[in-house]
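1. Pasted the sequence and its predicted model underneath.
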Amino acid sequence: MTNSPMTKLVDSWNREIDYLRIAVTDRCNLRCFYCMPAEGIDYLPKKELLSYEEIIRLATVFASLGIKKIRLTGGEPFLRKDFISLLRNLKGIAGIEAVHITTNGVLTAPYLDEMNEIGVDGVNLSLDSLNRENFHKITRRDEFDTVMKTLEGLTHRGFNTKINMVVMHGKNTHEVIDMAQLASDRNISVRFIEEMPFNGSEMAASQKNWSHTRILEELTKAFPSLKKLDSDPSNPATLYQVAGHLGNIGIIPAFSRTFCGACNRIRLTATGTIKNCLYDEGVLDIKSLLRSNKKDDELREILVATVQKREKDGFAAERNRKVDKNISESMSSIGG
Ligand code: SAM
Ligand code: SF4
């Protein structure tokens with residue numbers, strides 16, 4: 001008997017999907033103003049979150065369709081009980097070559113040794129300011145010292161570490177250069193992200209002022225030796241190197257969306273919905289399917305068809321939103 005070739009997730013623009021981002025919770029212990037209103041969002045009742053069994057089943061189905069990389073995000077993933085056991089189980093799925101985490105670093109430090117032992121492949125740490133008071137202003141919580149401890153713990157153990165800084169006009173733009181300097185003596189990537197309109201309210205984001213080109217201009221002024229690096233086309237970050245720096249710098253045009261042509265990712269939100277694009281409204285209620293006795297083969301068939309409906313880019317996905325035209329979702333239930 002010959003093995004039939006693996007069915008893959010390929011959209012109608014011929015982009016192959018091999019990267020799944022999973023928001024394991026919508027809960028968070030910070031209140032970053034670009035992500036959530038001060039009073040928080042209406043959290044889902046626990047039973048509306050996918051159970052670990054459901055996540056593992058789905059990840060296994062996705063792996064059989066060619067997903068190789070998983071990122072666990074949220075909300076804050078370390079708020080989910082026994083998160084480490086989920087990491088361990090996902091690392092054990094055949095075909096999953098890499099498991100990454102995005103975290104705010106508040107609860108992360110005590111788990112670093114276990115993460116190392118499990119073989120977590122990379123950690124993205126969100127850090128929007130290097131000034132304690134400004135960090136407090138942006139996140140509405142006084143956790144700067146804890147997060148810096150996590151950063152030192154990550155670099156000390158040699159984790160593949162990326163810093164995510166959302167660049168916000170008038171809020172932390174004066175810190176862009178200091179943040180870039182973090183990569184001078186650390187082998188990390190410091191990534192500057194354009195602000196997107198996912199703050200859980202109708203409040204407009206100020207991304208117009210600080211686009212990726214503006215960020216690059218500022219960096220070039222401060223670091224005349226800045227050189228563009230080659231990077232994987234599916235990487236949304238354009239990477240740069242400052243001569244003599246151990247690490248590198250990335251710029252992510254998350255609002256300008258210049259990278260959609262090579263997009264290789266799909267999202268599973270905390271509500272158990274599949275998103276073909278960060279900017280769509282959610283295209284499949286996979287949670288209901290998981291809870292309705294569907295067999296794995298049926299799920300596979302539905303997922304293959306769902307991916308084919310993917311829009312060409314984030315602008316088309318946004319235009320085709322039917323209900324929530326002015327995006328008012330919180331990034332905390334999407335996962336970034
Ligand atoms: N709580 C974790 C953290 O903050 O790292 C994981 C979830 S958070 C939603 C994932 C990423 O999305 C973070 O790096 C965060 O900075 C980014 N993010 C959240 N809201 C955003 C927005 N409106 N624009 C751009 N990036 C955003
Ligand atoms: Fe929480 Fe992350 Fe959103 Fe900040 S960006 S409120 S840490 S989910």
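-> Perfect, thanks for sending it. Ligands and ions are numbered 1, 2, ... in the order given.

2. My read is that residue 200 contacts residue 38, right?
-> No - no contact is recorded between residue 200 and residue 38 when judged using C-beta atoms under 8 Å, the distance being 10.1 Å. No exception for glycine: its C-beta is placed from N, CA and C like everyone else's.

3. what comes into contact with stretch 42-62?
-> In this structure, residues lying in contact with stretch 42-62 by C-beta atoms under 8 Å, 6 or more residues apart in numbering are 9, 20, 22, 24-27, 67, 70, 82, 85-86, 89-90, 93, 96, 268, 270-272, 286-287, 290-291, 296, 299-300, 303, 333.

4. Need the CA coordinates for it. CSV is fine.
-> This file holds the C-alpha atoms of stretch 42-62, laid out as CSV (Å, rounded to 0.1, in the frame of the first residue of the first chain):
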residue,chain,number,x,y,z
ASP,A,42,-16.0,40.6,29.9
TYR,A,43,-14.1,37.4,30.4
LEU,A,44,-15.5,34.2,29.0
PRO,A,45,-16.9,31.7,31.4
LYS,A,46,-14.4,28.9,31.9
LYS,A,47,-16.4,26.3,30.1
GLU,A,48,-16.3,28.5,27.0
LEU,A,49,-12.5,28.2,26.8
LEU,A,50,-11.2,25.1,25.0
SER,A,51,-10.1,22.5,27.5
TYR,A,52,-6.5,21.3,27.2
GLU,A,53,-7.8,18.0,25.8
GLU,A,54,-9.6,19.9,23.1
ILE,A,55,-6.6,22.0,22.3
ILE,A,56,-4.3,19.0,22.1
ARG,A,57,-6.8,17.2,19.8
LEU,A,58,-7.1,20.1,17.6
ALA,A,59,-3.3,20.6,17.5
THR,A,60,-2.9,17.0,16.5
VAL,A,61,-5.4,17.4,13.7
PHE,A,62,-3.6,20.6,12.5
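
5. If we ignore the residues flanking it in sequence, what's nearest whichever residue of the stretch 201-336 of the chain sits closest to ligand 1?
-> Across the stretch 201-336 of the chain, no residue is closer to ligand 1 than residue 336, which sits at 2.7 Å (C-beta to the nearest ligand atom). Nearest residue to residue 336, sequence neighbours excluded (C-beta to C-beta, 6 or more residues apart in numbering): residue 73, at 5.6 Å.

6. Repeat that for residue 146.
-> Distance criterion C-beta to C-beta, 6+ apart; nearest residue to residue 146, sequence neighbours excluded, is residue 106 at 5.4 Å.
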